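Asker: Let's see this in three dimensions:
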Amino acid sequence: MSPSRPAPGRSTAGRSATDRSSGRPPTSRREQRRLQHQDLSRNQLLDAAEEIFGAKGFHDTTLKEVAELAEFSVGSVYSFFQNKDDLYLNVFLRRGAEFLPGMEEAVAAGDTPTEQLHRLVDFEVGFFRRHRHFGRLYLRSANLGVMPPQLQADEQLQANVARAMEIQAGVFARGQETGELRDGDPYVLARMLSGLVATFQLLDPAIVGDGPDGGEGLPLQTLHEIVDGAFRRPD
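Answerer: Below you'll find the model as predicted:
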């Protein structure tokens, strides 16, 4: 496979027009417009897929439903993605390309490890609330206990998951060094934190309810209090 051309169906998030074409800058404004139109169309399909996969799950979703919601033909879907598995994977890759930089920023901005921990919680909850269809999809996938095969096999997605755990574990390691956070394997504590946040999100009406204010759920402040109780070193 040529290194200057992405594999069919792979995420192109964050890549420039130069990377997506032949390795040279676009030679005309017409070419630039064509690439911009391709990006717009691809994102429309991903938005539609995210919504339907989040509502119905992978197996009960059809490409015809995705195409109709995006106002494309089924054939157009295949011009961007190899099949339904590839479309599903790229929904996760697109959001992962946004999620990791947000985690990095949250950690960089906090003055102390405890503050960084709370900034991570705010970011993760806020990200799912801003992208509630993806939040539903992610939580549906996580509830299965085992990542679906089409996600398990992708090296980039696995690298994204590993990096997210690494960022959280780094906060715990620094907090242990300063005496703020409790002892224990930082990676185990990082996964415990992810479990707490995911449980909160699973019952967050802003994600799983009919609207941003529908249903019952814990206040975000309560989650922060639980995080403090679970992870701060006892006095």
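Asker: Just give me the neighbour total for residue 207.
Answerer: 24 (other CB atoms under 10 Å). Every residue, glycine included, has its C-beta placed from N, CA and C.
Asker: That one belongs to a strand?
Answerer: No: under the criterion used here (DSSP: H, G, I helix; E, B strand; the rest coil), residue 207 is helix, not part of a strand.
Asker: got the buried residues for the helix or strand hosting residue 66?
Answerer: Per DSSP states H and E, residue 66 falls inside helix 63-70. Across helix 63-70, burial judged by 16 or more other CB atoms under 10 Å covers 63, 65, 66, 67, 70.
Asker: how many neighbours does residue 224 have?
Answerer: A count of nearby residues for residue 224, using other CB under 10 Å, gives 15.
Asker: Identify the residues contacting residue 190.
Answerer: Residue 190 sits next to 165, 168, 169, 171, 172 when contact means CB atoms under 8 Å, 6 or more residues apart in numbering.
Asker: Distance of the closest residue to residue 57 other than its chain neighbours relative to residue 189?
Answerer: Leaving aside its sequence neighbours, residue 57 sits nearest to residue 140 (CB to CB, 6 or more residues apart in numbering; 5.8 Å). Noted for residue 140: a distance of 26 Å to residue 189, by CB to CB, to the nearest Å.
Asker: quick one: low-confidence parts of the chain?
Answerer: 1-27, 143-148, 210-216 (pLDDT under 70).
Asker: run the last query once more with 90
Answerer: Residue ranges of the chain with pLDDT under 90: 1-40, 57, 59, 109-111, 139-154, 158, 208-218, 234-235.
Asker: For it, which segments are assigned as helices?
Answerer: Using DSSP state H, the helices of the chain run over residues 17-20, 29-56, 63-70, 74-78, 84-109, 113-130, 132-143, 149-152, 155-178, 186-202, 205-208, 220-231.
Asker: follow-up on the earlier one: dump the buried residues of helix 63-70 to a markdown table, plus distance to residue 201.
Answerer: Listed next are the buried residues of helix 63-70 as a markdown table, based on distance: CB to CB, whole Å:
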| residue | distance to residue 201 |
| --- | --- |
| 63 | 28 |
| 65 | 25 |
| 66 | 24 |
| 67 | 29 |
| 70 | 26 |
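Asker: Residue 140 and residue 189: who's more crowded?
Answerer: Using other CB under 10 Å, the more surrounded residue of residue 140 and residue 189 is residue 189, with 23 against 18.
Asker: Surely the more buried one touches residue 232?
Answerer: No: Residue 189 is beyond contact range of residue 232, at 11.5 Å (criterion: CB atoms under 8 Å).
Asker: Now for those two: what residues contact both?
Answerer: With CB under 8 Å, 6+ apart, residue 189 and residue 232 have common neighbours 181, 182.
Asker: and stretch 178-188, how far apart are its ends?
Answerer: 19 Å (CA to CA, to the nearest Å).
Asker: Give me the contact list for it.
Answerer: 112-114, 117, 165, 169-173, 175-176, 189, 231-234.
Asker: And those, which of them are buried?
Answerer: Buried among those by 16+ other CB under 10 Å: 113-114, 117, 165, 169-173, 175-176, 189, 231.
Asker: separation between residue 227 and residue 182?
Answerer: From residue 227 over to residue 182 (counting by CB to CB), the distance is 12 Å.
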